[in-house]
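Asks: Predicted model and sequence follow; I will ask about them next.
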Amino acid sequence: MISTVSATYNREIMELVRKKKEHVNVLIIGNNPIEITSIYNSLNEYRGKNYIADVCFNIKDSLVKMIKRKPDCILLDDNLLLDQIKLLISKIRENSRFSGIPIVLLKSSNFNFAFGNEVQDFLLKANLSTEILSSTIEKNIGLLRKLWK
């Protein structure tokens, strides 16, 4: 037996397909494969948005990956050496092609060390959920888009 489908149901499906077609390139940079893989899996499993995540474990690979596919957002793990974090941030900010990319620092603890205005947001890894991760990425991408208009 063939059943009819309501227009509301079709509209909801089309909205879901439209959202899935939108994709957000995210670059995850860190040196702990277990934590980075967990974040990578969280982004890939999120159903509300189509995240395309790349993972890098050092600065050189990160810069090469950024040239190949410009990310919409960078998630930077604070387990990297402080000098490496500062070097990466300065390389990103001095290059006009990448200077508008929001950087979200993934922190292991609430210990405060300043990066000035170079990092847009912070997330504690202990409280990280898929929804928090996604909303933080979207918020920071949206803020920078408003600034560039």
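Replies: All right, it came through fine.
Asks: Need the residues that contact stretch 58-70.
Replies: Contact with stretch 58-70 is made by 25, 27, 29, 31, 54, 56, 71, 84, 87-88, 91-92, 97-98, 101, as judged by Cβ atoms under 8 Å, 6 or more residues apart in numbering. Using the backbone N, CA and C atoms, a C-beta is placed for each residue, glycine as well.
Asks: Could I get the contacting residues of L128?
Replies: 39, 42, 106.
Asks: Quick check: which element contains the first one?
Replies: If I follow you right, that is I39. Element membership for I39, per DSSP states H and E: helix 33-45.
Asks: What mean pLDDT does that helix get?
Replies: Across helix 33-45, pLDDT averages out at 90.
Asks: Look at S134 and tell me its secondary structure.
Replies: Secondary structure for S134, judged by DSSP: H, G, I helix; E, B strand; the rest coil, is helix.
Asks: Just give the nearest non-adjacent residue to it, would you?
Replies: Y46 (5.3 Å; Cβ to Cβ, 6 or more residues apart in numbering).
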